[in-house]
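Novice: Here's my sequence, what's the structure:
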Amino acid sequence: MTFTQLRILLAVARTGNMTRAAEELNTTQSAVSHALRGLESELGLSLLVRGSHGVSLTAAGRAVRRRATLILTQLEALEQEVAAARGADTGSLRVGVIPSANARLLPRILRLYGESHPRVRLTVIEGSDGEVLEWLRTGAADVGTLTAGAVPADMAGLVTRPLATDRMLAVLPGGHALAERVCVPVAELAGHPFIMSTGGCEPLITALARAAGVSLRCHYRVRDTNSILAMVAEGLGVTVVPELSLPAHHPGVHAVPLEPASERTILLALPADPLPAATAFAELAGALSTS
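Specialist: This next block holds a predicted model:
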């Protein structure tokens, strides 16, 4: 059993696809298949279910993945600590981010971290709150951003700290009757076709509607913020998005604060025993968020 085989197993488990795992690891699909067959042969177990729509882990594969995650995380920590003792700054850092944080909050942090730690390999993985939580739990991400309220009470071993506060805004087509308002009650949005974001904000938006005593008329359910804004600009509906997810220029739409004002908090989350590179990333992000 080799570290390479374990890394390949984790990449295949994360992507659910041999080809994508090979691309991620900068190797060939045949090399991935060969490594996994060798690992299964050595262990005497089937680790993967191979199907027409990709691959998934067997129960034995999930158990091996948990152990492989621990082994490789400890190996990475050891390599980073040894490098630090030599005065070097090397290793890798995988950052799991929710899309709205990645749009405007994370790029500056990533740039400055890359400038101050040029020999650390940075990988950014974008997903919903649930996906980032799973990546942190399984070790697929070393640090991540999450929406406050998305971390379950039983998520032991996860340390979080506030990173940013973000206003929730109503987004309306240009020329819409509500676009000239200083603020818009959520209840008034319920009278119009609604485009629901499925990228992670749906629980918060639904809670806002529930607090206002209304149900939103969800005509569309879309994950990508740019697609949502394009649909709003075409007059297909209205929506609610976090301010940080809005691009600097969004022609054809008008953003208005909600009434009553609504905010969300974005958290930075790390495992209880983070990699040195993750700790450095968190310290830089915290310093920038308070500056």
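Novice: mind listing the strands for the stretch 51-200 of the chain?
Specialist: Applying DSSP state E, counting those that start in this stretch to the stretch 51-200 of the chain gives strands spanning 54-57, 91-97, 120-126, 143-147, 158-173, 184-185, 193-197.
Novice: TSV for those strands, including mean pLDDT, distance to L75 and mean neighbour count?
Specialist: Any C-beta I mention is one placed from the backbone N, CA and C, and that applies to glycine too. As requested, these are exported to TSV (pLDDT from 0 to 100; distance: least, C-beta to C-beta, whole Å; neighbours: other C-beta atoms under 10 Å):
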stretch	mean pLDDT	distance to L75	mean neighbour count
strand 54-57	84	21	16
strand 91-97	87	10	22
strand 120-126	87	15	15
strand 143-147	91	18	26
strand 158-173	91	21	19
strand 184-185	92	52	18
strand 193-197	92	38	21
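Novice: Tell me where the model's unsure across this protein.
Specialist: 80, 84-90, 154-156, 290-291 (pLDDT under 70).
Novice: what's the single longest helix in it?
Specialist: helix 59-85 (DSSP state H).
Novice: Secondary structure element holding A11?
Specialist: Using DSSP states H and E, A11 sits within helix 3-15.
Novice: Spatially nearest residue to T15, not counting backbone neighbours?
Specialist: Once flanking residues are discounted, T15 sits nearest to A21: 4.9 Å by C-beta to C-beta, 6 or more residues apart in numbering.
Novice: The one you found: which element?
Specialist: Using DSSP H and E, A21 sits in helix 18-24.
Novice: which is the next helix or strand following that helix?
Specialist: helix 29-43.
Novice: quick one: contacts of that following helix?
Specialist: 1-2, 4-6, 8-9, 11-12, 18-19, 21-22, 25, 46-48, 60, 64 (C-beta atoms under 8 Å, 6 or more residues apart in numbering).
Novice: May I see the buried residues of stretch 205-219?
Specialist: 205, 208-209, 212, 214, 216, 218 (16 or more other C-beta atoms under 10 Å).
Novice: Kindly report the same for stretch 277-289.
Specialist: Neighbour-count burial for stretch 277-289, counted by 16+ other C-beta under 10 Å, picks out 277-278, 280-282, 284-285, 289.
Novice: Just those: which are in helices?
Specialist: Per DSSP H, helices hold the following members of the buried residues of stretch 277-289: 277-278, 280-282, 284-285, 289.
Novice: I'd guessed S56 sits against S46; true?
Specialist: No. If you go by C-beta atoms under 8 Å, S56 and S46 don't touch, sitting 11.5 Å apart.
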